[in-house]
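Engineer: my questions are about this predicted structure, shown below with the sequence.
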Amino acid sequence: MRSTLLATLVAMTAALVVPASGTAQPAPPHHGRGEEPGNGIERNEIAALDPPTALQTASQNKPGKYQGYPRKTDLRVYPTDPADKSIKLGLAPYHAIAPKLNALQQQSDRVSVEVVGQSGLGRDLYLVTLTAPESPAQTRQQERWRARIEEGHKAPSLYKAPIWINNNIHGNEWEGTDGALRVIEYLATSQQQNVKDLLRRSRIYFNVTANPDGRVAGQRQNASGFDLNRDFATSSQTENRVMRDIVERTQPLMMLDEHGYVENTLIEPTTPPHGQNYDFDLYIKHGYANGLAMEAKVKALGHPETAKPEIPFRDYEPGVWDGWAPIYTAQYAMYHGAISYTIEIPQNVNGSDYDNLPKEELQRRSRINTDVVESTIKTTIGYVDDHRNELIANQAEMFRRGAAGEPQREIPDGFVPGFGPEDRYRTEFPRAYVLTPERSPAATARLVDHLIAHDVRVKRADAPFSLGGKRYDAGTYVVDMHQPKRALANVMLEAGSDISAKVPVMYDISGWSHRLLWGASVDIVKSGPLYFRGREVAAASPTGGVDAPPGRDLALTLNDPKDVSAVNDLLARGIELRRQDDGTVVVPASARVQAIEVADRYGVRFTAAAQNGGKPLQRKVLAAAVSPDELKALRDLGFEVRPVSTAVLNAGFDWSRIDVLMVSSGLRYEQLNANAKASLEAFLQRGGVVTRGATGGRFNVEAKLLAAKPVAGWEDANGVISVVNGTGPVGTGALATSFVYAPQWFTDLGTGVNIEQRYADHPLIAGHWRARADGSGGQAAAAGQAVVVSGTSANGTRAVLFGTEPMFRDHPKGLYAQVARAIFWSGSR
């Protein structure tokens, strides 16, 4: 009967739509993951605005972990929104989803709906589960079997195979939601025996719309301006944290992430480079087989527009559609044991097509896209059902290898058709990582909590111990790399690799490292025995405190975002702080009670001030022409930020309370009108400036601030870099590593321009950075060049210019304090 299920699923008609009341190919013209708006040059051209006001949120109805199925939730119904961008396409507007799911819950005992969180604007996020009814005892048994698989053990035949379907992560790639709703209704209501049998063997989870705010607004990003399909390693957005928790909780054998739009349809597996931490042999066998199965069924739909689906692994050149970074849904889910796919449906309906094509043509295209979504979901469900025992054993084997500390397998050429040397990426796992509070207790605690949130197991030592020839105190954290999800631990903590010579292009970022960019002190133990007394923890221990006797002034060194937040909190309370020449912030002894409060709130540690003096420090108000990620980071640091752009300044802007202008996106000095220039010039007589990237460097030149010529490195270069710090107000105490994305540097420095940071002689630690065809813009050209500079202009403006990306996508937390030091220095006279 199982062998006929796939045919039955795919043959079903599309009548259940919710009404709207190979040859190597070049890169596809429209993709769901590449440098679309916000990920390419637009990052430096379109300044962030304040997001819309959030909707009023209601309490969540989240059943307990072991509550049986079905799990009924009376979903709140949202008012009809005639401006919902889905309507024009004949698709389900967000306000129609809850009524549909409420009706299905009343109609069927196979469907459960849980509200697993809210979007940034407060819209409910729905997790729909299709499975046969379970008692609480049966659910507890299923969870025990899931946990056994995670420990590397096989499960009995009664274990329900989990599948996860993620939809609409990009708000203007709508049809994943509508195809999912077709399948949900079919599985909930079909009276065919093989469907009922399927649900006794399976749990099928649907994240109905991962980005409802983007869906309604018709925009790729969420309401905060973040591309959610770049945030999984960082988890800065509430929607991403929900998806992270779904994949951890469900531990799917297979998952789909439904996107658009690539002509003909795109179905992963990806091109190389493949993530070097994967046990890729356990992925590619079934990954390619089900990719081919989906291709066949999409072709069989009979639409001319779907006649030639593309599989990047087979059809594209290396790097065009890579699987390297853990920032994408599919690539991240693989670290939790899933065989994962990004699916790109074929017919473009967003952007200029949405604005200019007739409604009838848009709806025709959307119907084809919804058919493709439905087909890929049903094909995957059928594949899992036909291969469930192999897939369960496959997942258990991945976790077993991790727990046993076994090396990755050598995969022979031809392991699957087309697998060759270009697909072979591996790493060596260390024995352990040791996390200490040496540089910043708050940074170490944040990294510990982040690892735990991603299901990485962390232990805390109960007593002092020695490891790798070094002595550690009690309370030190250890990540034992003999654990089921060692690959996920390592992809966050290793340095990564310089893959510049291996592929000519990459899809998006190629370097990241929580160890090197988050400001924590982390040691690597490469090999040997791991003996210490400790226990696994669910969260880091509190780190805040005041290490000075009463009556003494207190000092705080700005090494971490939490240090900055604590200073801004004290300033907001009206506490009179002083800033010393080395950047240390001094708190008067009279404010000890307030210091204790903020130490507890932010996890920072105050010490006794070594010296008196310093200049008074006031709270800084920023005018910021910056990207959305930078806007978030600045506000998280506790700064008051007023977004600006060329248009905002030209319309008239009140500079009276502004201390520092930040420029990285959407502001051109030469495009300002006469009144805006005059107002800006008046501000520059008293205020400071901090710039970043190409837009910032150009602003500095046009506004005639510092004598520093910006030089652009290769535009596609990105990664973790090694730097040499100066002793100025910004370079002092900075990390020896940083991050670049379209790197910049500065030459022809004039008198009084100080080098705060240089590229090291061999800049790139991990990532992708080649020279241009003419030899310019490469690592050799950048070596030793100034990458962060500071100085005072002829009219007295203090300015700091960054050629690095210290707040990129809310990721490099350890660099934020460097930005704050630039703000405090430039905004003080």
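Structural biologist: Okay, I see it. Residues are numbered from 1 along each chain as shown.
Engineer: contacts and neighbour counts: CA atoms only from here.
Structural biologist: Fine.
Engineer: what bridges to E310?
Structural biologist: L266 (DSSP bridges).
Engineer: can I assume it is in contact with T270?
Structural biologist: No - under the criterion of CA atoms under 8 Å, E310 makes no contact with T270, lying 10.5 Å away.
Engineer: between these two, which one's more packed in?
Structural biologist: The neighbour comparison of E310 against T270 (other CA atoms under 10 Å) goes to T270, with 28 against 24.
Engineer: strands along the stretch 301-450 of the chain, start to end?
Structural biologist: Here the stretch 301-450 of the chain has its strands, by DSSP state E, counting those that start in this stretch, at 322-323, 339-345, 432-436.
Engineer: any chance of a markdown table for those strands, columns mean pLDDT, mean neighbour count and distance to N172?
Structural biologist: Below are the strands of the stretch 301-450 of the chain laid out as a markdown table (pLDDT from 0 to 100; neighbours: other CA atoms under 10 Å; distance: least, CA to CA, whole Å):
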| stretch | mean pLDDT | mean neighbour count | distance to N172 |
| --- | --- | --- | --- |
| strand 322-323 | 98 | 26 | 23 |
| strand 339-345 | 98 | 28 | 12 |
| strand 432-436 | 98 | 22 | 41 |
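Engineer: what's the closest of these to L199?
Structural biologist: Across the strands of the stretch 301-450 of the chain, L199 has its closest neighbour in strand 339-345 (20.0 Å, CA to CA).
Engineer: tell me the strands beside the closest one, with direction?
Structural biologist: Strands adjacent to strand 339-345 in the sheet, as given by DSSP bridges, are strand 254-260 (parallel), strand 266-267 (antiparallel).
Engineer: out of those strands, flag the one nearest T747.
Structural biologist: Among those, the nearest to T747 by CA to CA is strand 254-260 (42.6 Å).
Engineer: can I get the closest one in CSV, CA atoms only?
Structural biologist: The C-alpha trace of strand 254-260 is given here as CSV (Å, rounded to 0.1, in the frame of the first residue of the first chain):
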residue,chain,number,x,y,z
MET,A,254,13.3,15.5,5.8
MET,A,255,12.3,19.1,5.4
LEU,A,256,11.4,21.5,2.6
ASP,A,257,11.8,25.3,2.6
GLU,A,258,9.5,26.6,-0.1
HIS,A,259,10.8,29.7,-1.9
GLY,A,260,10.5,31.5,-5.3
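Engineer: go through stretch 822-829 and flag the buried ones.
Structural biologist: 822-828 (16 or more other CA atoms under 10 Å).
Engineer: okay, who's weakest in those by pLDDT?
Structural biologist: Among these, S828 has the lowest pLDDT, at 93.
Engineer: so it sits against V689, correct?
Structural biologist: No - S828 is not in contact with V689 according to CA under 8 Å; the separation is 10.8 Å.
Engineer: correct me, but I311 touches N264?
Structural biologist: No - if you go by CA under 8 Å, I311 and N264 don't touch, sitting 10.4 Å apart.
Engineer: what's near enough to touch S679?
Structural biologist: W655 (CA atoms under 8 Å, 6 or more residues apart in numbering).
Engineer: name the helix or strand for it, please.
Structural biologist: helix 674-684 (DSSP states H and E).
Engineer: buried ones in that helix?
Structural biologist: For helix 674-684, using 16+ other CA under 10 Å, the buried residues are 676-677, 679-680, 683-684.
Engineer: redo these as a markdown table? Include distance to N207.
Structural biologist: Below are the buried residues of helix 674-684 laid out as a markdown table (distance: CA to CA, whole Å):
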| residue | distance to N207 |
| --- | --- |
| A676 | 47 |
| K677 | 49 |
| S679 | 49 |
| L680 | 47 |
| F683 | 49 |
| L684 | 50 |
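Engineer: the residue located most distally from the centre of the chain in helix, strand or coil?
Structural biologist: Computed with CA atoms, centre = their mean, the residue of the chain farthest from its C-alpha average is G551, at 44.7 Å. Classification of G551 by DSSP: H, G, I helix; E, B strand; the rest coil places it in coil.
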